[in-house]
Each structure stands twice: as C-alpha cells, then as structure tokens.
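Chemist: Fold the following, please.
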Amino acid sequence: MKNIEKIKSGYTRLFANEYYNKKSIIDLTDTELSVCSYLAEFWAYVYAVVPEEHGHFTIFDFIGYTLDKITNEKKVVIPPKIVLHAKDEVCRYCWGMDWETIKNKKTELDKIGMMKFLRGHSVMGRRLRKGNNVVIYGVSDQPIGRTMLASIIMKEAIKLRVTSGARRHTYDWIDFNTLMDAIDKDSLDLADYRSCDWLVVDNIMSKYRTAKQTTLLVDWVDPFFIDRFNNRLPTILVFKFDVDNPAMMIEKRFGVGINRIIDSKRTCRILLSGRDVSVNNG
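Modeler: Residues are numbered from 1 along each chain as shown. Modelled structure (predicted):
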C-alpha cells in the first residue's frame, strides 16, 4: 500500500480551506485541525487504495443502468431485481439493515444527517472481527458494477479509522493477475497482501489454462487464500463469471482456498447477472 503522508497533507490543506476558509494549516484551531486531519486521512487512504474512477461512489450511485450523456437515454445493464438484491446485501454487510430502510432514511435527512446516520450504524468492525468475506460475481461483456460495489465496501472499511479510531488497520487492492505475479516472484509486497486487514482481489477471470498451468496456479494461490481465511481477514473477491455455475469447477481451477471463501457461511455473496436471486448474507 502506498505511503499516504504526502497525500494526507494535501487533503488537510484542502479541507482547511474548504471547511474553515483558512489558507494554512497553522491557522487552524486544535479542534479544526483534528477534523481536517481525520477527513484527510480517510480520503488519502481512499485515494491510495480504491481505483481512482470509483473513489467517490456510494450505495446511492449503484442504479443498474448507464446514462447516455448525449441523448440522456437510460440503458439498463442489470435487471431491477438484481440491483435491489445487491443493494440489500451491501447494506446488510456494511450497516446491518436493508436497502429500503436506508433509502427511506435518506428522504428524511440532509446530506450531513445521512452521513452521521450511516456512520452510527456501521457494522464494519463486527465484519472485521468475524472475518466476513465478500464475493461479487456475474457474467457480462460490459461494466455491471462489480468493482463499484467492492469500492463502496472498502470505503466503509476505511471509515473505521474515523469512527472507531482503528488507526492501525491496513488495506490493499490488487488484480488477480498482479497477485499471481507477486506470488510467483515472491515479491516483498506479498507479505502486505497476505496480512492486510482488508483486501480486494479484483478481475478474477475464467480463461483457458492447460492442466499444467492450472496446477501451477492452484499451487501458487492456494496457501495465500487459505491463510487469509484461517486468520479471519476479510477478503473481497470480484469475479467476472458466475461462481455458481458447476462448469466453472472452482476448487479444481482456483484451489481450495478460494472455494472455501466462496462457500463459507461467513461470506456475503452478491450476484450481478440475470438469474433468480435470494437473500444469502453470511
């Protein structure tokens, strides 16, 4: 994970000017500096960890359609039933309540009030203690929000730094191919990936591999995911295919560790492609 001190310093100056109309950090009172510092630390970690294009998304941005900027026409990419189920799963995982409750609350509160409401109902500390994983998956040739949902959940994990003073938590976000490369080369980063409190492994794809390649893949990644699972470190896996399809043969093609995370009762599963869904939150 990147060193955030320089990024945090920039955000602190930004918030000093934005919230208190002060050009320099030294002009802030102790209380003002504390507020700016906490906000700056949060956004610095978001900047360092979450993919840039997803850093500002919230659960209210996940709507299941795209908007043509020229014609202003909506293009549905996920059926409404799938959208609702995904929102429910994310809301239960992050705040311990369903989407309908949060949506209704948003109509009653202003922006700051809503932020305080969600902050006060966060269950991310419990998710960390229990080692609750997340599996986001679905088949589509176009973006359907898999990485967006992972970013929303990761941001809530980072917010624990502000809400509960969890200042020692660590985070990382990597593509599956990057992880395999790090394992193959025994990279120095591998220890960080293996031990960080919250990890997103993005862009896990199903593609043809020879029997030898599959054996190597399983040998490489299995100990990594088994360690994280056994140590109850929340892992968010983002698959670009349907993990429930028997033809995928997850354990054979990706190993026991990944299969154990997918099938665990302490894993929240979020399906983002068009077939029947039911509530299934670990």
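
Chemist: which residues sit in contact with Asp227?
Modeler: Taking Cβ atoms under 8 Å, 6 or more residues apart in numbering as the criterion, Asp227 is in contact with 194, 257. For the C-beta atoms, the positions are set from N, CA and C on the backbone; glycine is no exception.

Chemist: To what extent is Leu67 buried, counted in neighbours?
Modeler: Each residue near Leu67 was counted by other Cβ atoms under 10 Å, and the total is 11.

Chemist: For it, give me the pLDDT.
Modeler: The predicted local confidence for Leu67 comes out at a pLDDT of 72.

Chemist: Mind listing the residues bridging to it?
Modeler: Applying DSSP bridges to Leu67 gives these bridge partners: Lys74.

Chemist: Surely it and Val76 touch.
Modeler: No. Look at Leu67 against Val76 with Cβ atoms under 8 Å: they stay out of range, at 11.0 Å.

Chemist: Tell me the secondary structure at Met114.
Modeler: Judged by DSSP: H, G, I helix; E, B strand; the rest coil, the three-state class of Met114 is helix.

Chemist: So which bits of stretch 41-61 are buried?
Modeler: By neighbour count, with 16 or more other Cβ atoms under 10 Å as the criterion, the buried positions of stretch 41-61 are 41-50, 54, 57, 59.

Chemist: Revised request: answer the last question for stretch 86-96.
Modeler: Going by neighbour count (16+ other Cβ under 10 Å), the buried part of stretch 86-96 is 86-95.

Chemist: same check, this time on stretch 135-149
Modeler: Here stretch 135-149 shows 135-139, 144-149 as buried, counting by 16+ other Cβ under 10 Å.

Chemist: so who does the nearest residue to Ile102 once chain neighbours are set aside touch?
Modeler: Nearest non-adjacent residue to Ile102, counting by Cβ to Cβ, 6 or more residues apart in numbering: Cys91, 5.4 Å away. Applying Cβ under 8 Å, 6+ apart to Cys91 gives the contacts 59, 97-99, 101-102.

Chemist: Name the nearest of these relative to Leu109.
Modeler: Leu109 lies nearest to Ile102 out of the contacts of Cys91, by Cβ to Cβ, at 10.5 Å.

Chemist: thinking that closest one is in contact with Asp88, fair?
Modeler: No. With contacts counted by Cβ under 8 Å, Ile102 stays clear of Asp88, the gap being 9.7 Å.

Chemist: where do the helices sit along the protein?
Modeler: Along the chain, the stretches classed as helices by DSSP state H are 5-20, 30-49, 80-95, 99-108, 111-120, 124-130, 146-163, 176-184, 190-195, 211-230, 250-254, 256-263.

Chemist: now for those helices, which one comes closest to Ile63?
Modeler: That would be, of the helices of the chain and by Cβ to Cβ, helix 80-95, which comes in at 6.9 Å.

Chemist: The closest one vs helix 111-120, what angle?
Modeler: On the basis of axes from the mean of the first three to the mean of the last three Cα atoms, to 10 degrees, helix 80-95 is oriented at 70 degrees to helix 111-120.

Chemist: what about helix 80-95, average pLDDT?
Modeler: Average pLDDT, helix 80-95: 96.

Chemist: Output the below-cut-off pLDDT ranges for the chain.
Modeler: Low-confidence segments of the chain, defined by pLDDT under 70: 1-2, 163-167, 274-282.

Chemist: The top strand by length along it: partners in the sheet, and parallel or antiparallel?
Modeler: When the chain is scanned for its longest strand (criterion: DSSP state E), the result is strand 198-204. Counting by DSSP bridges, the strands paired with strand 198-204 are strand 171-175 (parallel), strand 235-239 (parallel).

Chemist: how about those strands, which one is nearest Arg129?
Modeler: Counting by Cβ to Cβ, Arg129 lies closest to strand 235-239 out of the strands paired with strand 198-204; the figure is 14.9 Å.

Chemist: any residues touching that closest one, and which ones?
Modeler: Counting by Cβ under 8 Å, 6+ apart, strand 235-239 makes contact with 133-138, 146-147, 150, 153-154, 198-206, 225, 228-229, 258, 261-262, all of which sit outside it.

Chemist: ok, of these, which come out buried?
Modeler: Applying 16+ other Cβ under 10 Å to the contacts of strand 235-239, the neighbour count classes 133-138, 146-147, 150, 153-154, 198-202, 204, 206, 225, 228-229, 258, 261-262 as buried.

Chemist: Many thanks, have a good one.
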